[in-house]
Structure formats: structure tokens, C-alpha cells
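*Asks:* Sequence and predicted structure below; questions after.
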Amino acid sequence: MKWEESVRRVVPYVAGEQPNRRDIIKLNTNECPYPPAPGVAKLAAGMDSGAFRRYPDPDASILTDALAEYYHVDPQQVFVGVGSDDVLAMAFLTFFNSGRPILFPDVTYSFYDVWANLYRIPYQMKPLDENWHIRPQDYRQPNGGVIFPNPNAPTGVLESLDTVEEIVRENRDSVVIVDEAYVDFGGASALAFLERYDNLLVVQTFSKSRAMAGMRIGFCIGSRKLIGYLKDVKFSFNSYTLNLPAQMLGAEAVRDDRYFKDITAKIIATRERVKKELKDMGFTFPDSMANFIFATHQKAPAARLFRDLKEADIYVRHWDKPRISDYLRITVGTDGEMDALLAFLKDDLDKL
Ligand code: PMP
């Protein structure tokens, strides 16, 4: 068929499974095992129908103002979207437009090459070192932009702020995006450098540390100039990305800082305990500062553990890809969920 020649063909990103069942232990998409701040459900339950009837404010001021106050920046430095995937997709479209290759790590979040291919942005992937760390010197070549997560996914490895700043400083001629989807689980944010670098964009999400993956809320903070360009592109695409209930509920979540700190501390404590137990069972893993652990076992192929776990209704993530096919990415759930996982793994390894 002739028309097929004009189709924009892409290989889509494959998201983790979302089975329609509640009775599984779901450790495969890095969701938060705890509910969002109590005020969120209360506000949702009593939401006025006006929140559905009217178009939202295109600037999403309810939410951008709450975020600006929380992070001590000007509202004009904040941009929100339908999850950080939406924010990142807009940022690729806006900032990676030079024709020069953009740079990101190999291994990293597997959506980056998908967006690059979608927008026909050339890219080069820079291998991590043997300890899964970024080599900042790899990012010292002419480029059309740089993006990396910190902590990285799916490894959980955190780069120091010195490394992050070095990459931003050495790339003043392009936009550097730091994807901080997992920064709230023990990382330090590049927001600290905002005043020094107008080419830095920091992206975060409500999906993990704020327990709102289902609402789809993401945001980024950068210089007024960067955010202005991002808004121009967004308003050329869809004036109303984030719906009004999401804006209101997101703002409510931001206001409850105590709850946010409580649940992130709980997840960190569980993670550290699970690290010890996995180690005792013979697993090895890069030291994760995220809400997941990227683990491998010398005696048990990851594909087999993945399959066995799934048969027992315990879902984790596994990629059949070079360098990472021996690893499982295990989201940190509640203590009870992690106990069930550990008990099953112990049993399964005994059978080998
Ligand atoms: N960045 C990274 C590194 C991620 O792992 C994810 C989660 N898949 C995202 C961004 C996107 O998350 P969300 O769209 O839910 O904000």
C-alpha cells in the first residue's frame, strides 16, 4: 500500500505490565507501595464538578505555584506535564533540535532512544564504566544535548553532584537534562545548580516518591528562558496537557511535606534491609539510591527467577538486553511484600 510509505514508523517503548488484578505482589514499575498524602483522597472525594466541566488553566498555575513555593523558585521556572514522560518528550522536541547527536548513557532509561528515534534526533550512547557509573569525560564532545537520570535507571546508581555539575559546566552550549525521577530516595538534586547554569533542566515526577503514578504528573524546573521555550512548544502541541483534577490533587500532595518525608524514609529503610538480605542470599547489585534494586545471582539465571516469581504472582522487571539480561529490577515495596519476595527467592534458590 502506497500510503504506508508515508507513515512515521517507530519502535515504541514497552512499559512494565499492569495486570488488572489486585492480588499480586507488584514490584515491576517502581510505583510507591503507600497511598498518596491523606489530603489527596479527601480532596478527590469531595471534588466539585467544576473541576471536570471547565478547561484547566493552560499554565497549570495551581500546581506550578505550589511547586515553585516548595522548591523556592519562580513559577516561571516550572513546567508541568502528564507524567515526566510527557515533560521529557516535550523537552526532547524543544531542546534537541541541532542536528548534532545527543548523548546519553548505555545503560539507561530505555525511553530516551525511543524519543530520539521518534523525532529523528541523532544520538550516541556512552557506555557506563565497570561499576555502572557515568564517565563525565565521555560528555566532552560537541553534541546536540545531554540527558541522563540521576539516580540512573535501571541500575539505581547515584552520581555525585560534582559529576553532575561537571557535565553541565562542560556543556554550556547545549541543554543538559537531569532526569531525577528517583532522586527523593536518598539522592541530592541538581536543583542546587539552577542559579549558575541557564542550560540545566531538572525533571522530576509524582509517580514514585509522591505515590501518584496513576494521576500522571511530572514537572521540570529550569531557567526562565528554558521554560519559556518549552511552553512555546507545548502550546503549539496541546494547550491542556495536565487535567484540572490532577493539578489540584498534585498541589495538595506538595503541601503535605511531612507525609512525603515519612513515606520516602520508610522506603529507604526497607531498601537498606532488603539489600542486606539479598546479599546474604548471594545476590550482588550496584548500590541503589532509588526505590528499586538491580540484582543478579551467579547461580540463578535472571530469566528463570523472573519466570518463577511471576508464576507465584510476584512481578519484577527483566530485560532481555545486552549487559543487563542477568539482572532483575526489583521495586522496593512494603516490608510485607519484600518478605514474601525474599522467602520465595530463598526457596527457589534452594531448588537449584
Ligand atoms: N524517568 C525515568 C528514569 C523513569 O524510570 C521513569 C519511569 N518509567 C520516568 C522518567 C517516567 O515516569 P513518569 O512518566 O511516571 O513520571
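*Replies:* In hand now; what should we look at? Residues are numbered from 1 along each chain as shown.
*Asks:* quick one: buried residues of stretch 274-291?
*Replies:* For stretch 274-291, the neighbour count (16 or more other C-beta atoms under 10 Å) marks 274-275, 278, 283, 285-286, 288-291 as buried. (C-beta placed from N, C-alpha, C; glycine too.)
*Asks:* Switch these over to CSV; also include distance to Asp48 and pLDDT.
*Replies:* CSV is the format used below for the buried residues of stretch 274-291 (distance: C-beta to C-beta, whole Å; pLDDT from 0 to 100):
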residue, distance to Asp48, pLDDT
Val274, 42, 98
Lys275, 45, 98
Leu278, 47, 98
Phe283, 50, 98
Phe285, 47, 98
Pro286, 47, 98
Ser288, 42, 98
Met289, 40, 98
Ala290, 37, 98
Asn291, 34, 98
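*Asks:* where are the low-confidence patches of this protein?
*Replies:* Within the chain, no range satisfies pLDDT under 70.
*Asks:* Looking at it, which helix is longest?
*Replies:* helix 257-280 (DSSP state H).
*Asks:* in that one, what counts as buried?
*Replies:* Quick answer for helix 257-280 (16+ other C-beta under 10 Å): 259-260, 263-264, 266-268, 270-271, 274-275, 278.
*Asks:* what comes into contact with that helix?
*Replies:* By C-beta atoms under 8 Å, 6 or more residues apart in numbering, the surrounding residues in contact with helix 257-280 are 32-34, 37-38, 70, 184-186, 209-211, 253, 285, 287-288, 291, 293, 295, 330, 332-335, 338, 342, 345.
*Asks:* Following it in sequence, what is the next regular element?
*Replies:* The element immediately downstream of helix 257-280 (helix or strand, assigned by DSSP states H and E) is strand 283-284.
*Asks:* Could you point out the helix or strand that follows that next one?
*Replies:* strand 292-297.
*Asks:* pretty sure Pro19 is in contact with Tyr315, am I right?
*Replies:* Yes - assessed by C-beta atoms under 8 Å, Pro19 is found in contact with Tyr315 at 7.2 Å.
*Asks:* any chance of the buried residues of helix 257-280 in TSV, plus distance to Val203?
*Replies:* As requested, the buried residues of helix 257-280 are exported to TSV (distance: C-beta to C-beta, whole Å):
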residue	distance to Val203
Tyr259	23
Phe260	18
Ile263	21
Thr264	18
Lys266	24
Ile267	20
Ile268	21
Thr270	25
Arg271	22
Val274	27
Lys275	27
Leu278	29
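*Asks:* May I have stretch 58-68 as CSV, with CA atoms only?
*Replies:* Extracted in CSV, the C-alpha atoms of stretch 58-68 (Å, rounded to 0.1, in the frame of the first residue of the first chain):
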residue,chain,number,x,y,z
PRO,A,58,-3.2,26.3,30.4
ASP,A,59,-0.3,27.4,32.7
ALA,A,60,-1.5,24.9,35.3
SER,A,61,-0.8,27.7,37.9
ILE,A,62,-2.4,25.8,40.8
LEU,A,63,0.4,23.2,40.6
THR,A,64,3.3,25.3,39.2
ASP,A,65,2.7,27.8,42.0
ALA,A,66,2.8,25.0,44.7
LEU,A,67,5.9,23.6,43.2
ALA,A,68,7.6,27.0,42.9
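*Asks:* Buried residues, that stretch. List them.
*Replies:* Going by 16+ other C-beta under 10 Å, stretch 58-68 has these buried residues: 59-64, 66-68.
*Asks:* Out of these, flag the one nearest to Ile324.
*Replies:* Leu67 (33.2 Å; C-beta to C-beta).
*Asks:* Can you tell me the SS state at Lys299?
*Replies:* Here Lys299 is recorded as coil under DSSP: H, G, I helix; E, B strand; the rest coil.
*Asks:* Next: the one 5 residues further on.
*Replies:* Recorded secondary structure, Arg304: helix (three-state DSSP).
*Asks:* how close does it get to Glu311?
*Replies:* 11 Å (C-beta to C-beta, to the nearest Å).
*Asks:* more crowded one of the two?
*Replies:* More neighbours surround Arg304 than the other of Arg304 and Glu311, with 13 against 9 (other C-beta atoms under 10 Å).
*Asks:* Tell me how far that one lies from the ligand.
*Replies:* Noted for Arg304: a distance of 25 Å to the ligand, by C-beta to the nearest ligand atom, to the nearest Å.
*Asks:* And for Pro245?
*Replies:* Distance from Pro245 to the ligand, by C-beta to the nearest ligand atom: 17 Å.
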